[in-house]
Every structure is written in C-alpha cells, then in structure tokens.
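A.B. asks: based on what follows, work out the 3D shape:
(2 chains)
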Amino acid sequence: EPEVTQTPSHQVTQMGQEVILRCVPISNHLYFYWYRQILGQKVEFLVSFYNNEISEKSEIFDDQFSVERPDGSNFTLKIRSTKLEDSAMYFCAKRGGREGYTFGSGTRLTVV
Amino acid sequence: GESVGLHLPTLSVQEGDNSIINCAYSNSASDYFIWYKQESGKGPQFIIDIRSNMDKRQGQRVTVLLNKTVKHLSLQIAATQPGDSAVYFCAENRDSGGGADGLTFGKGTHLIIQP
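C.D. replies: Residues are numbered from 1 along each chain as shown, chains lettered A, B, ... in the order given. Okay, here's the model as predicted:
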C-alpha cells in the first residue's frame, strides 16, 4: 500500500475554475508538503503544513492557493481560479521515516 | 538564482557500465541532501541521502559523495541496468530547520541506459 496516495491522477479544468487536489498521507506524520512540477522542469516547493497550519510557503504559493487538512487524514490543495500556467504535476509529500521525504505519485492538472 | 543545479541535462551510458551524476549547490546552510529518481509520469522516488557530517554513503549499487568544500554532490550508480533509465534529481534542505523548509531541487539529469 502506498504511503502517500493522491487523487485524482489527472484533472482537466477550464481556466478560471476552482480545483481541489487531494492527498492521503497514511500514518501519523506532522509535516506535509505540496510541490509542483511543470512539464520538463524541476520540482518546486509550494508549501509546508505542520500541526494544521502553514509553516512555510514559496513565492509560487500566492493567494490563489490554499491548503487544508479538513478531517485529520486528507490533505488538500485548492487553487481558486486556475490559470493556464497552473498546468503541472502536483505532488504531495510527507516527512518522516527512513527515507526522509516520501512523495505521492502526483496529480496531473491540465488547465484549458 | 538557483540553490541547486546539475552539470549535465542528459547522460547516456552502456548497460553494465558505471554512471556518475553530478550536482552543485550554493546554500552553505544546507545540511541534508537527497537523490531522487523520477520515472515518466511518476513522483520522485528516494534513492539515497546524506547529511553534511558525512562525505560518503553507500547503498545497494549506489554511492553518494558530498564535497562541502566545493559544494558538490554526486551519485554513482554501479553496473547500470535498463531500469535505471530515468531523470535523477538532487535536492537539498536545512535539516536543522526542523522540517518546515521544503526541499530545493536541481534541474535533473536524464540518464539513458543503452543496450
């Protein structure tokens, strides 16, 4: 069973629409993260989430983005009004364990 | 500017040969380094990590070398196999930051294993 599960695997949305990406970081870890990877580019840090609060965020993580852990299990990334340039792979990650940071398989977001 | 970067975008090696992937970082405060492998359409997969109090660490067929003097990190893969074909990223972090800081990734090297 994967340690970090993301849904959906692929999301297509129209520009201006809101999207919610979901992550289930199985097991009790305190730090969770969202990263983004535009096609063909490097992975970029968006935000870290600790103890149900944002801990750190990058310049990419502007007012259009928000994160929540609504029920103590799911970890969500919301983009309020998507833009074409939001098209990317979005990875959820958790910290802890032997491997330090564990990444999910990602959600491919396509904004049309 | 970038905190972490790689010297080569693509590296092609013969199956069975050894490969070396290099990475340079600029943040002197970084004390934790990780190599990730990413196959097409998948998330980064942990390969090996090293902390700044070490200069070498070995895993199964992989070795990471850290040279803090010149801020250089390398990944050596021995006896490469077709399954090693992927993009390899180095990443760095201030482990002493307690975990709040995200990882900073390099651009990635595409390793191609030729039969």
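A.B. asks: ok, now which ones touch the residue of chain B found nearest chain A?
C.D. replies: With C-beta to the nearest C-beta as the measure, B:G102 is the residue of chain B nearest to chain A, at 3.0 Å. The C-beta positions use only the backbone N, C-alpha and C, and glycine is treated the same way. Remark: with contacts taken as C-beta atoms under 8 Å, 6 or more residues apart in numbering or on different chains, B:G102 is in contact with A:Y33, A:Y35, A:F45, A:L46, A:V47, A:S48, A:E56, A:S58, B:N93.
A.B. asks: filter the residues you listed down to the buried ones and express that as a PyMOL selection.
C.D. replies: Buried subset of the contacts of B:G102, written as a PyMOL selection, criterion 16 or more other C-beta atoms under 10 Å in any protein chain shown:
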select buried, (chain A and resi 33+35+45+46+47+48+56+58) or (chain B and resi 93)
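A.B. asks: ok, back up a step: which SS class is the residue of chain B closest to chain A?
C.D. replies: At B:G102 the chain is in coil, as set by DSSP: H, G, I helix; E, B strand; the rest coil.
A.B. asks: mind pulling up the pLDDT for the residue lying closest to it once chain neighbours are set aside?
C.D. replies: Excluding the flanking residues, the one nearest B:G102 by C-beta to C-beta, 6 or more residues apart in numbering or on different chains is A:F45, at 3.0 Å. For A:F45, the pLDDT comes out at 94.
A.B. asks: A:F45 contacts B:L103, doesn't it?
C.D. replies: Yes. Counting by C-beta atoms under 8 Å, B:L103 is a contact partner of A:F45 at 6.3 Å.
A.B. asks: identify the residue spatially nearest to A:I38, adjacent ones excluded.
C.D. replies: A:I38 sits nearest to A:A88 (C-beta to C-beta, 6+ apart), 4.6 Å away.
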